[in-house]
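>>> when you get a sec, could you give me coordinates for this:
(one chain, ligands or ions: 1)
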Amino acid sequence: MRTIVVGTRQSALALTQTGQVIDHLRELCKQHGIEAGFELKKIVTKGDRILDVTLSKVGGKGLFVKEIEQALLDGEIDLAVHSMKDMPFELPEGLVVGAVPLREDPRDCLITRDGRGLDDLPQGAKVGTSSLRRASQLQHYRPDLQIESIRGNIDSRLRKLETEGFDAILLAAAGLHRIGWQDRISAYLPPELCLPAVGQGALCIECRGDNEFVLDLLSKYKHEPTAVAVAAERSFLGRLNGGCQVPIGAHAHLTKESGPSIVLTGMVGSPDGKQVLKETMTGNNPQQLGLQLAEALIAKGAAELLALAEE
Ligand SMILES: NCc1[nH]cc(CCC(=O)O)c1CC(=O)O
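Sure, this is the predicted structure:
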């Protein structure tokens, strides 16, 4: 029997989502009469080692994936499970995306200390996020809020909500849903108010491009509509040359009606939220649509806004 070694970070979220992927793959193996066993290998990434520094200051894209990709290239692992939004735009030579499975809820959510919603937060309330994208959009909606940086894994951020005097924090709903902590969510932020990060809620299953056995199995795990939506969002991000640490958001979904099938919305904001540029376009080709939307926002001044965030 073949053993597929699966690499993962060791945060609660990474372990949970990797475990869920392995369960799905075991089920697929059973359905298709494929004989394979799975083994988990935990890998510490640079992003895990420097949890005390604001990520946008650390710079460098792919902080959470590089070591894991090296393990794939070295043959130490056969498959890696990443959060799509942590993936850099280009993969190293020799590695491919084997599958993008069905997406979880892409929205951001608010977790308040006492369960109240965004509109009920007092004037000047202290809200924790270290995402420039979340800060920009939240400040745009509520300029009075005091945004402060908070880092760490989901569990430590939830702890800091209590211990560091925050009135609320912002997190991706997907992570909380996956770990089973959806009860902590006080409110879901509608995409009109806070457009999610590119790829948020989606997973990226990566493997070597020559690993036929794993590729064959992963081909049965693909969710094409998610892959197309994410491709449009990533094309948009790629044109704007942004990692996850710039105030850029995008979300695409597919429509079932006749006519253009992908609806893509993108935003670029200033870190203080005073300016937020947003546009929605439809099309059939995800790469082209992402580029077109990026061009439309560049024409409105997106490049200048992004330069502000780099400072
Ligand atoms: N930036 C870290 C990160 N990467 C992926 C998720 C979980 C959500 C997802 O899978 O998109 C999170 C936590 C968060 O943003 O709250």
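
>>> what is the least confident helix or strand in the protein?
The helix or strand of the chain with the poorest confidence is helix 55-58; it has a mean of 52 (mean pLDDT, DSSP states H and E).

>>> other residues contacting the helix or strand just after it?
Going down the chain from helix 55-58, the next helix or strand is helix 66-73, by DSSP states H and E. For helix 66-73, contacts defined as Cβ atoms under 8 Å, 6 or more residues apart in numbering pick out 7-9, 41, 43-46, 62, 77-80, 82, 91-92, 94-95, 206-208. Where you see a C-beta, it was placed from the backbone N, CA and C, and this is true even at glycine.

>>> so which of those reach the ligand?
By Cβ under 6 Å from any ligand atom, no member of the contacts of helix 66-73 lies near the ligand.

>>> chain center to stretch 247-254: distance?
11 Å (Cα atoms, centre = their mean, to the nearest Å).

>>> buried residues, it. List them.
Neighbour counts over stretch 247-254 (16 or more other Cβ atoms under 10 Å) mark 247-253 as buried.

>>> next one: stretch 33-49
34, 36, 38, 43, 45, 47-48.

>>> ok, and what's touching that stretch?
1-11, 15, 18-19, 22, 25-26, 28-29, 55, 60, 63-68, 71, 76-77, 86, 213, 217.

>>> who touches the residue in the chain sticking out farthest from the centre in this structure?
The centre of the chain is farthest from one residue, residue 1, which by Cα atoms, centre = their mean lies 34.1 Å away. Residue 1 sits next to 35-37 when contact means Cβ under 8 Å, 6+ apart.

>>> in strands, which of those residues appear?
36-37 (DSSP state E).

>>> closest to the ligand out of the contacts of residue 1?
residue 36 (25.4 Å; Cβ to the nearest ligand atom).

>>> spell out which residues of the stretch 51-200 of the chain are next to the ligand.
83, 85-86, 154, 171-172, 174-175, 200.

>>> just give me the least confident of those residues.
In terms of pLDDT, residue 86 ranks lowest among these, with 89.

>>> what sits against it?
Counting by Cβ under 8 Å, 6+ apart, the residues that residue 86 touches are 47, 62-65, 244.

>>> before we move on, what about residue 248?
With Cβ under 8 Å, 6+ apart, residue 248 has these contacts: 133, 197-198, 237, 240, 242, 266-268, 306.

>>> contact partners of stretch 295-306?
239-242, 246-248, 266-270, 275, 277, 279, 281, 294.

>>> with stretch 175-186 instead?
12-13, 16-17, 20, 83, 104-105, 109-112, 115-117, 154, 158, 168, 173.
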